[in-house]
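Visitor: need a structure here:
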Amino acid sequence: MSHKEKLPFIPLNIAVLTVSDTRTPDNDSSGDTLVNGALEANHQVVARTIVKDDIYQLRSIVSQWIASESIQAILITGGTGFTSRDNTPQALTLLFDREVEGFGELFRAISYEEIGTSTIQSRAFAGVANETVIFALPGSPNACRTGWDKIIKQQLDANHGPCNFVPHLKGVDLAACLSRD
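Guide: As a prediction, this is how the structure comes out:
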């Protein structure tokens, strides 16, 4: 298959987690941003929850989703700053089989254009565990929009080249994705 030929769209099963001590389903605008982005891209949101910023609650939920046979990607918003209640990186990076160092670097580079040097206070990160890709973003709708629109959306699209995460995810026909010239 030529690199310019399109693969059939592969809708992914995505879980969305909001990490917050204050958000509720009625005011979770960052979670809404990620859900809407995923749905507009024709993916399926198969799980969504809000959890307090507690290391063990975070690990419990994300571990269950990683172990699930149906969840292929996890989008997290919140808990990536520098306050004493921001525990998402230290809670979750130890669950990774591999870290995706370039995600945080690229997110901060793009964010610099939007918020200047304040971007250094973002500890956005990503990794892969049990063939599930996990992206963690700051807890603001603008940060979620930036992360989704400018990075994650393309990386969850089998037609984005020269590479993307789709062939590395559980339940995906690896041969179909990797047969590009």
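Visitor: C-alpha from now on. contacts and neighbour counts both.
Guide: OK.
Visitor: And the top helix by length along the chain, how far out from the chain middle?
Guide: Ordering each helix of the chain by length in residues (DSSP state H) puts helix 101-115 first. Its chain's average C-alpha position is 14 Å from that of helix 101-115, according to CA atoms, centre = their mean, to the nearest Å.
Visitor: Quickly note the distance from P138 to A126.
Guide: According to CA to CA, to the nearest Å, P138 stands 12 Å off from A126.
Visitor: Packing partners of the one helix or strand R48 maps to?
Guide: R48 is part of strand 44-51, with elements assigned from DSSP states H and E. Applying 3 or more CA pairs under 8 Å, 6 or more residues apart in numbering; DSSP states H and E, one finds that strand 44-51 contacts strand 13-19, helix 29-40.
Visitor: Going by neighbour count, which residues of the last one are buried?
Guide: Of the residues in helix 29-40, those buried under the neighbour-count criterion (16 or more other CA atoms under 10 Å) are 29-35, 37-38.
Visitor: tilt between that helix and strand 13-19?
Guide: 170 degrees (axes from the mean of the first three to the mean of the last three CA atoms, to 10 degrees).
Visitor: May I have helix 29-40 exported as PDB, CA atoms only?
Guide: This file holds the C-alpha atoms of helix 29-40, laid out as PDB (Å, rounded to 0.1, in the frame of the first residue of the first chain):
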ATOM      1  CA  SER A  29     -15.500  21.400  31.000                       C
ATOM      2  CA  SER A  30     -12.000  19.900  30.400                       C
ATOM      3  CA  GLY A  31     -13.400  16.300  30.400                       C
ATOM      4  CA  ASP A  32     -16.200  17.500  28.000                       C
ATOM      5  CA  THR A  33     -13.500  19.000  25.700                       C
ATOM      6  CA  LEU A  34     -11.700  15.600  25.400                       C
ATOM      7  CA  VAL A  35     -15.000  13.600  25.000                       C
ATOM      8  CA  ASN A  36     -16.200  16.000  22.300                       C
ATOM      9  CA  GLY A  37     -12.900  15.800  20.500                       C
ATOM     10  CA  ALA A  38     -12.900  12.000  20.500                       C
ATOM     11  CA  LEU A  39     -16.500  11.800  19.400                       C
ATOM     12  CA  GLU A  40     -16.100  14.400  16.600                       C
END
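Visitor: tell me the average confidence for it?
Guide: Regarding helix 29-40, the rounded mean pLDDT is 98.
Visitor: Good, wrapping up.
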